[in-house]
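>>> take a look and give me a structure for this.
(one chain, ligands or ions: 2)
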Amino acid sequence: MFIDSHCHLDRVDLSPYNNEMGDYLAASKADSLDHMLCVSINWEDYPAMRDLVQPHAAISFSLGVHPNEVDGHDPSSEELIQLAIQDKVVAIGETGLDYFRLGSDAEIDMQQQRFRQHIRAGIETNKPIIIHTRDAKDDTIRIMQEEGADRAGGVLHCFTEDWEMAKKALDLGFYISFSGIVTFKNAKQVQEVAKQVPQDRFLIETDSPYLAPVPMRGKPNYPNYVKYVAEALSGLRGMSTQQVAEISGQNYERLFNR
Ligand SMILES: [Zn+2]
Ligand SMILES: [Zn+2]
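Ligands and ions are numbered 1, 2, ... in the order given. Below is the predicted model:
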């Protein structure tokens, strides 16, 4: 049984499933998909996302605002804390730093302030933090250290950076999550990291509807494709796909169901 630790089900195309989440979940059972974590991207879309997934025991959800969101409401840590507790979310995020798609220098400051607010909310609510980081290695680790993010713990999701950064995050007690990128032929750096992350610290995810893994690359992505991520990790780590599913599932439970 597989757990997709990071997806955006409110953005996934359910039209092949009569636009019904229940129909999709029933169909995904054929791929042994057991559970998924639906991750919030902005404040405005959060209520509809929550209402879409909340009726389904197979889906957990988080609350947070993605670093690349520029137009919507920027919640304070107090606002995040209040809503996270009220809705019993399992995690805070996704949050973090993404300098790859940066529009202006002012955005760097905005992203860093937002990241700090989210870390504080994670610590205050004792909920793990889902961190998105791209082209911002040093600032991500520095802010995690300055804010004491190790007190909440969490995951660096869709990891694409090098082992040096993975090691620093692991030293802060964080988990590393691998997406479909690990199935891409040219993704040597992240494949090296996937070989080295300790057994009790890796997760698997799809980040669907984005980043479909090989052999679905270029097509819309779905949480049940997490099996392809598990297959790739099994080759890299020298264990069966079944073992990858079991161990990543145990890691998921330890991190998010506390
Ligand atoms: Zn992300
Ligand atoms: Zn995401």
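>>> from here on, contacts and neighbour counts on C-alpha atoms
Noted.
>>> check contacts around the nearest residue to D150 once chain neighbours are set aside.
Distance criterion Cα to Cα, 6 or more residues apart in numbering; nearest residue to D150, sequence neighbours excluded, is L172 at 5.1 Å. By Cα atoms under 8 Å, 6 or more residues apart in numbering, L172 lies in contact with Q145, A149, D150, G153.
>>> now render those residues as a markdown table, adding pLDDT, distance to A26 and neighbour count.
A markdown table is the format used below for those (pLDDT from 0 to 100; distance: Cα to Cα, whole Å; neighbours: other Cα atoms under 10 Å):
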| residue | pLDDT | distance to A26 | neighbour count |
| --- | --- | --- | --- |
| Q145 | 98 | 42 | 14 |
| A149 | 98 | 37 | 24 |
| D150 | 98 | 37 | 19 |
| G153 | 98 | 33 | 25 |
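>>> which among the residues you listed gets closest to Y24?
If you rank these by distance to Y24 using Cα to Cα, G153 comes first, at 31.4 Å.
>>> I129 is in contact with that closest one, correct?
Yes - with contact defined as Cα atoms under 8 Å, G153 and I129 form a contacting pair (6.3 Å).
>>> nearest to R116 among the contacts of L172?
Distance to R116 across the contacts of L172 (Cα to Cα) is lowest for A149, with 9.3 Å.
>>> can you give me the buried ones in stretch 73-82?
D74, P75, S77, L80, I81 (16 or more other Cα atoms under 10 Å).
>>> in the helix or strand hosting E146, what's buried?
Under the criterion of DSSP states H and E, E146 resides in helix 137-147. Neighbour counts over helix 137-147 (16+ other Cα under 10 Å) mark K137, T140, I141, I143, M144, E147 as buried.
>>> residues in contact with it?
Contacts of helix 137-147 (Cα under 8 Å, 6+ apart): 96-97, 112, 116, 119-120, 133, 150, 161, 165, 168-169, 172.
>>> ok, these vs V193, which is closest?
Nearest to V193 among the contacts of helix 137-147, with distances taken as Cα to Cα, is E161, at 8.4 Å.
>>> if we can go back for a sec, let's have the buried residues of helix 137-147 in CSV, adding pLDDT.
Below are the buried residues of helix 137-147 laid out as CSV (pLDDT from 0 to 100):
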residue, pLDDT
K137, 97
T140, 98
I141, 98
I143, 98
M144, 98
E147, 98
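>>> ok, how many other residues are close to Y225?
The number of residues packed near Y225 is 23, by other Cα atoms under 10 Å.
>>> so what's it up against?
Y225 touches T206, A212, P213, counting by Cα under 8 Å, 6+ apart.
>>> next up, phi/psi of the first one, please.
Translated: T206. phi -110, psi -30 (degrees, to the nearest 10).
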